[in-house]
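Asker: sequence first, predicted model second:
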Amino acid sequence: MIAKTPPPPYYAVIFSSFRTENDPEGYAEIAERMVALAAEQPGFLGIESVRDGLGITISYWESLEAIRNWKAHAEHQVAQRLGREEWYTSFKTRVCKVERDYGLGLK
């Protein structure tokens, strides 16, 4: 689904990644938990995610402070560590300010 976001400005965190060859136990459950937990955080606006070899997850936030708070969340920090140590061969995170958006067929 395309995330429903408010009128700009707001922020996007783009997480691009390649997974390791093996499928470590617990990855899917923790990934689902992170989406649910992020949605509970103050300032969270929505999320979009795809994976076809390259994974791209974009989360949307009201402010840079909300992003910093999410990055510092204890349970999220555990997932970040596991990502570095077990789940990803490479990744990059980008934080962007959305200045303008537009679309078709969205309500």
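Answerer: The structure has been received and is ready for your questions. Numbering: from 1, shown residues only.
Asker: what about the nearest residue to Ser49 once chain neighbours are set aside, how many residues nearby?
Answerer: Excluding its sequence neighbours, the residue lying closest to Ser49 (CB to CB, 6 or more residues apart in numbering) is Thr57, at 4.1 Å. Where C-beta positions appear, they are placed from N, C-alpha and C, glycine not excepted. Per other CB atoms under 10 Å, the neighbour tally for Thr57 reads 19.
Asker: so who does Glu99 touch?
Answerer: If you count contacts by CB atoms under 8 Å, 6 or more residues apart in numbering, Glu99 has them with Pro8, Pro9.
Asker: so Tyr10 is in contact with Leu45, correct?
Answerer: Yes - Tyr10 is in contact with Leu45 according to CB atoms under 8 Å; the separation is 6.0 Å.
Asker: pull up the overlap in contacts between those two.
Answerer: Contacts common to Tyr10 and Leu45, judged by CB under 8 Å, 6+ apart, are Tyr60, Trp61, Glu62.
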